[in-house]
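Visitor: Can you look at this prediction? I've put the sequence above it.
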Amino acid sequence: MASTRTSTLVAPRGRWWTPLGRDEKLWFGMAVVWSIVMFVMIFFIWPAIGNEQPDFSTYRIQEADFAARTQAFIEANQTGENIGGIPVVAPEPGSDVFLMATRFQFRPILQLTVGEEYRILLSANDVQHGFSLQPDGFNLQVIPGYITEFDLTPEEAGEYQLVCNEYCGLGHHLMLGRIVVVE
């Protein structure tokens, strides 16, 4: 006897395999055009508007070597120390400035002059840290065994906070540093 059962695997009715409608073509076209515009802006428009990306370079160094260089820099440029015993240094304009991130402080406190350019050499000697210059929102990663180098020209006198924005241990919330900019 022949079976009269029909299959339950019937193709569903719908529009997904039919040609796009006018509205769908319009939205699809707008999405493609906007994607191309944004891609072009990455390379041509945004760099022309302003230099939003910090210029910096990194290279390897032994942690002990950077710590020794930082200590020599502190000894050569120290002008005092704060209440917590962190040295305050006033380097010559145009010079190399060593700044070490260590649990749970930035060492030393920098005293810089308005309008003068300094080359900041930044590293860590224990774990990965973050470097956020407030209130400017300048952010970098600080990784042990690497120097992060960037140029800094303070434009306004005042006191600027350095904040670690990468969790580095139980005292992370206490990790602050300072840059004091004078006339």
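Guide: Yep, it's here.

Visitor: which one's the longest helix in this protein?
Guide: If you go by DSSP state H, the chain has its longest helix at helix 22-40.

Visitor: ok now the worst-scoring helix or strand of the chain on mean pLDDT, how far from the chain's centre?
Guide: Within the chain, no helix or strand scores below helix 46-49, which has a mean of 74 by mean pLDDT, DSSP states H and E. Centroid separation for helix 46-49 versus its chain: 19 Å, with CA atoms, centre = their mean, to the nearest Å.

Visitor: go on, stretch 118-125?
Guide: Counting by CA atoms, centre = their mean, stretch 118-125 is centred 14 Å from the centre of its parent chain.

Visitor: need the strands for this structure, in chain order.
Guide: For the chain, the strands defined by DSSP state E occupy 56-60, 78-81, 87-89, 96-102, 105-107, 109-113, 118-124, 129-134, 138-142, 146-152, 158-163, 176-182.

Visitor: how about these in a markdown table, adding mean pLDDT, distance to residue 10 and mean neighbour count?
Guide: C-beta here means a position set from N, CA and C on the backbone, and glycine is covered the same way. Shown next, in a markdown table, are the strands of the chain (pLDDT from 0 to 100; distance: least, CB to CB, whole Å; neighbours: other CB atoms under 10 Å):
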| stretch | mean pLDDT | distance to residue 10 | mean neighbour count |
| --- | --- | --- | --- |
| strand 56-60 | 90 | 62 | 11 |
| strand 78-81 | 90 | 83 | 12 |
| strand 87-89 | 94 | 80 | 19 |
| strand 96-102 | 94 | 66 | 22 |
| strand 105-107 | 92 | 69 | 21 |
| strand 109-113 | 94 | 75 | 21 |
| strand 118-124 | 94 | 65 | 22 |
| strand 129-134 | 90 | 59 | 20 |
| strand 138-142 | 88 | 57 | 18 |
| strand 146-152 | 93 | 63 | 17 |
| strand 158-163 | 92 | 63 | 15 |
| strand 176-182 | 92 | 68 | 17 |
